[in-house]
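> Have a look at this fold, sequence not included:
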């Protein structure tokens, strides 16, 4: 299969929210000994960017955004390990989740998918994530950014716990902490020493871009 | 519980992305449901009856989902129809002279809406602001029940989930709410968002001890996770509330732009949530609070259409007791906030719903709410009861023209003590001026509201 055809298949798979097609196209890229970075940057990224733009304009909705991100993830799992260390790849790794005691996921899912659309390597820890898990996973993945979502006024305190734990471990400088969700505000982010508060998914992606190379 | 333990196993992702979401769109296509921006409050009975049927079929086809067991909780058409038939059409809340009836309404019904007034669980910074707000809500003549703010700190410490701090905060929520009502002579008024501060099941149960002041005649609001998901913590709350004879109101907020997609799917999803609430939560009253994914509010044109169509679908086809909770983007002491809540309340009331009002400025900022906004909402709710849907449609279009373009950058207005005189229990002079101008403009648009009580 020609490189052009493979790239088109990768693009189409994401635009059509088709995980198995994305996986097959990634396998075809590997079989054709295609540069994995090219497969990602010319195949997957333009489509996921289109998806992100459509979601912003509300031409598509959350399920389509998440399914497209899922399709992209299916291909990335195969392609990313083939990229030689030190070469240009994802902008940065973001570890993201909803804080301990909070099971609300929609806002976190939107930001997670939009970060992926923005070219970040996203490790989504899910909901009700323990403070220690945020920190350990960020350490394990060498993530530049931790994204902590909270929807309840009773749960945003856990965002502060993440920062306190990083400080106590002496690793605060290694990870930017971005907070978001219903009751979080810029004032709250400042009060707890977070690096930023994304009031919208777009703002969260912009903030992540700011800290992509570290704090 | 049997269904939650023995239903079809499925992953949560598959349930919401591969079962619920495509089925909603399938129903929208099948019934050719179409949002009409030119008519945010439609008068088309066949449209809303189709939305009702689509919602019922959605629940039959996909069921609810228990995240703790990973099982689908399925219902047959017979079970749903039986539950709708057996649901109450009238409930009593409150005590003494404040004991009132919440009754089912129909589109264009002259019966005033039940007015559950307050902060809708919005965050407040201190015991002082909690008391200031609840005293103000209890003094509103139209108040049938109180929806309190949520307490965020105890002894200066920020509440942590499922911790002793949350237990203490929930208990304080109960004590202070009753105290505030007692102070202004409305001892019997019901608290119907019991308990806003209790997110966890343990805090909820702990605050229900009678010594903290909660009563059987209060309303027990328990939230559902979008879309149609339950977990053991929520079912624990249901079990505790039922054991003390409390009337459960399931609140649910399918987001416009979320799993149900656009306005059409969101209306269908709302109908299905009503039925799911009476079946899984044994809910005797319902509280939809759909908000827009982008604006985090319920005053945009498509949101008014969702409120109106799902309200008409439910009130025309059932006798369920349903109250719509609305959010504004703008903050207190701004005309925009008052116009926004007027539009949302109008859409709900003429479509057969009662109201919970309201979350101000997206309900996220501490103390950015006052007793004025719910009072105005209630005055509008009473004024539009009995209005024809077609007239209401024209009214909300005029209101939309005033604020629609500002929804992405609304004015945040002022905080509680900047525009509310706590000692005099009245709005500041500046806010009184805003209200006066707002009422004059509403009269010009064709809706006469009560004369202002302040001098």
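Sure, I can see it. Quantities reported herein were computed from a predicted structural model and do not represent experimental measurements.
> got the residues of chain A near chain B?
A:58, A:61-63, A:66-67, A:70, A:100-104, A:106, A:110, A:152-158, A:160-161, A:182-185, A:200 (CB under 8 Å from any CB of the partner chain). Every residue, glycine included, has its C-beta placed from N, CA and C.
> Of the residues you listed, grab the buried ones for PyMOL.
The PyMOL selection below is limited to those of these classed as buried (16 or more other CB atoms under 10 Å in any protein chain shown):
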select buried, chain A and resi 61+62+63+66+67+70+100+101+102+103+104+106+110+152+153+154+155+156+157+158+160+161+182+183+184+200
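> where in the chain is pLDDT low?
In the absence of a named chain, chain A is used. A:85-90 (pLDDT under 70).
> Not quite, go with chain B.
Residue ranges of chain B with pLDDT under 70: B:455.
> Nearest the middle, which residue of it would you pick?
residue B:325 (2.4 Å; CA atoms, centre = their mean).
> That one: helix or strand, and which one exactly?
Using DSSP states H and E, residue B:325 sits in strand B:323-327.
> and that strand, is it in reach of chain A?
No: Strand B:323-327 does not reach chain A (CB under 8 Å from any CB); its nearest approach is 10.8 Å.
> Equivalent analysis for stretch B:271-279, please.
No: among the residues of stretch B:271-279, none lie within reach of chain A under CB under 8 Å from any CB; the closest is 14.8 Å away.
> can you list contacts of that stretch?
Contact with stretch B:271-279 is made by B:51-52, B:54-56, B:58-59, B:64, B:75, B:79-80, B:83-84, B:87, B:224, B:227-228, B:250, B:252, B:254, B:283-284, B:286, B:288, B:310, B:313-314, B:318, B:320, B:322, as judged by CB atoms under 8 Å, 6 or more residues apart in numbering or on different chains.
> Which of the residues you listed are buried, as a ChimeraX select command?
Of those, the buried ones go into a single ChimeraX selection, burial set by 16+ other CB under 10 Å:
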select /B:51,52,54,55,56,58,59,64,75,80,83,84,87,224,227,228,250,252,254,283,284,286,288,310,313,314,318,320,322
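> Could you list which of the contacts of stretch B:271-279 belong to strands?
Of the positions in the contacts of stretch B:271-279, B:64, B:250, B:252, B:286, B:288 sit in strands, assigned by DSSP state E.
> between those residues, which is closest to residue B:104?
residue B:286 (10.9 Å; CB to CB).
> contacting residues around that closest one?
Shown in contact with residue B:286 (CB under 8 Å, 6+ apart): B:249-252, B:273-274, B:277-278, B:314, B:320-323.
> again, only using 7 Å
Residue B:286 is in contact with B:249, B:250, B:274, B:277, B:320, B:321, B:322, counting by CB atoms under 7 Å, 6 or more residues apart in numbering or on different chains.
> Secondary structure element for residue 135, which one?
I'll assume chain A. Short version, using DSSP H and E: residue A:135 is in helix A:131-140.
> my bad, the chain I had in mind was chain B
Short version, using DSSP H and E: residue B:135 is in helix B:127-138.
> Check what contacts that helix and list those residues.
Residues contacting helix B:127-138 (CB under 7 Å, 6+ apart): B:117-119, B:124, B:143, B:146, B:148-149, B:151, B:176-177, B:179-181, B:183-184, B:186, B:189, B:367, B:369-371, B:374, B:416, B:422, B:425.
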